[in-house]
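Chemist: Below is the sequence, then the predicted model.
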Amino acid sequence: MGRKPRFGREDFIGAALKIISEKGPDALTVAGLAARAGAPVGSVYHRFISREVLMAELWVSIAESFQRGFLEELERGGEQAALYTLRWVRKHPNEGRVLLLYRREELKSGRWPDEIKEQVASLGSALDKGIRTFVKKRLGVLNRENVRRAVFALTDVPLAAVKPHLQQGEKPPVFIDRLVLDTYRAVVGGEGK
């Protein structure tokens, strides 16, 4: 019977996020991660085949958490979902910077382990389902144009609003909320009170 590992994936994921939040993604090395977690370097390689895979797993972990909250807001209404990205980034700026490292499409194919590809594909399916459900409920007609309108107002615009601030290492100013909300209302329509 084998013994329980002393250091788990989540220990390394948490330590990686701390390093990235303090010094940026380029500062994350396997040796630095092992030191930060108080683990031997071999323990890191036992769980992650490379630094890149570790970064991808960190991205997936953060993306899952972010998306879960976004989809919950989307069930409540589009206006709050449109503002969710800005509010989340203000609370989680380091995690937001990690999400800028990859695009979902980059992790769905190529050299990544199958587990990462499957997790990313599952995230994409859940998001697509949430958007399509929203479109049917809010816009009445599920067609390509309405899906595109919803994606633009709910994800594209909020991402464009936060991205430059994340890249500069600052929180997005609050006045941007009004711009995102105005755009949402212009593209999708107001929801009333």
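Modeler: In hand now; what should we look at? Numbering: from 1, shown residues only.

Chemist: What separation do you get for the residue nearest to R97 when sequence neighbours are not counted and M55?
Modeler: Excluding the flanking residues, the one nearest R97 by C-beta to C-beta, 6 or more residues apart in numbering is L166, at 5.2 Å. All C-beta spots, glycine's among them, are computed from the backbone N, C-alpha and C. L166 sits at a distance of 16 Å from M55 (criterion: C-beta to C-beta, to the nearest Å).

Chemist: circling back: return the per-residue confidence for the residue nearest to R97.
Modeler: pLDDT for L166: 91.

Chemist: which residues touch it?
Modeler: By C-beta atoms under 8 Å, 6 or more residues apart in numbering, the residues touching L166 are 89, 93, 96-97, 100, 172.

Chemist: Give the buried subset of those as a PyMOL selection command.
Modeler: Applied in PyMOL, the following selects the buried portion of the contacts of L166 according to 16 or more other C-beta atoms under 10 Å:
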select buried, resi 89+93+96+97+172
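
Chemist: of the contacts of L166, closest to Y45?
Modeler: Nearest to Y45, judged by C-beta to C-beta, of the contacts of L166 is R97 at 25.2 Å.

Chemist: Name the SS class of the residue nearest to R97, please.
Modeler: With DSSP: H, G, I helix; E, B strand; the rest coil as the basis, L166 sits in helix.

Chemist: what's the domain layout of the chain?
Modeler: Following automatic domain parsing, the chain resolves into domains at 1-48, 55-187.
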